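# Please work out how this folds:
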Amino acid sequence: MLAASNDPEFQSMVEDELKQVRAAIFANDPDNARPSILEIRAGTGGEEAELFASDLLRMYLRYIENKNWKAEIIELNESPLGGIKLAVVGVRGYESYPLLKWEGGVHRVLEGARTRPHHLHLRPHAAHQWQEHPLQV
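Down below sits the predicted model:
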């Protein structure tokens, strides 16, 4: 859209907005350099939600690979049909946390099934890994 516009004022406004968005994502947060943990849970929706959670996990693993980050599957609870009920993935890489921390929340997917539409709720969540601190008494 920006490239298609010939209006320099509009282009300038969009570039300023993009700078503000980038600044908010990559704010000077000390947690930005720490490894992340990504958790994906299949919510309501039964087997379809578990299958979609499996697709979502594959999508995130490809994204992690494309960013040249390292992924370690910490926990994987698979369903009999090949879906997943829970996946916990450790992510290490430059600026992995500032990009993944916005992934929290519930994703609602409407699928047109043969019998009725399904409402699938998935809950991806990203958090930084705990840092151990020595206890001083």
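
# Stretch 75-85 - what's its average pLDDT?
Mean per-residue pLDDT for stretch 75-85: 91.

# can I get the CA coordinates of it in CSV?
C-alpha atoms of stretch 75-85 as CSV (Å, rounded to 0.1, in the frame of the first residue of the first chain):
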residue,chain,number,x,y,z
GLU,A,75,7.0,-30.9,26.4
LEU,A,76,4.7,-32.4,23.8
ASN,A,77,1.3,-34.0,24.6
GLU,A,78,0.0,-35.6,21.4
SER,A,79,-3.5,-36.8,20.7
PRO,A,80,-4.3,-40.2,19.0
LEU,A,81,-5.2,-38.6,15.7
GLY,A,82,-1.8,-36.7,15.4
GLY,A,83,-2.9,-33.4,16.9
ILE,A,84,-1.5,-31.9,20.0
LYS,A,85,-3.1,-31.0,23.3
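
# which residues touch it?
Residues outside stretch 75-85 that contact it (CB atoms under 8 Å, 6 or more residues apart in numbering): 40-42, 47, 49-54, 57, 86-88. Where you see a C-beta, it was placed from the backbone N, CA and C, and this is true even at glycine.

# Can you show me the helices along this structure?
For the chain, the helices defined by DSSP state H cover 8-25, 46-66, 96-100.

# tell me the most buried of those?
helix 96-100 (a mean of 22; mean count of other CB atoms under 10 Å).

# and that one, what does it pack onto?
For helix 96-100, the packing partners by 3 or more CB pairs under 8 Å, 6 or more residues apart in numbering; DSSP states H and E come out as strand 36-42, strand 117-128.

# try 7 Å
Counting contacts by 3 or more CB pairs under 7 Å, 6 or more residues apart in numbering; DSSP states H and E, helix 96-100 packs against strand 36-42.

# Neighbouring strands of the strand it packs on in the sheet, and parallel or not?
strand 84-92 (antiparallel), strand 117-128 (antiparallel) (DSSP bridges).

# what's the offset of the first one from the middle of its chain?
Going back to what we said before, that points to strand 84-92. What separates the centre of strand 84-92 from the centre of its chain is 11 Å, taken as CA atoms, centre = their mean, to the nearest Å.

# got the buried residues for that strand?
Neighbour-count burial for strand 84-92, counted by 16 or more other CB atoms under 10 Å, picks out 84-91.
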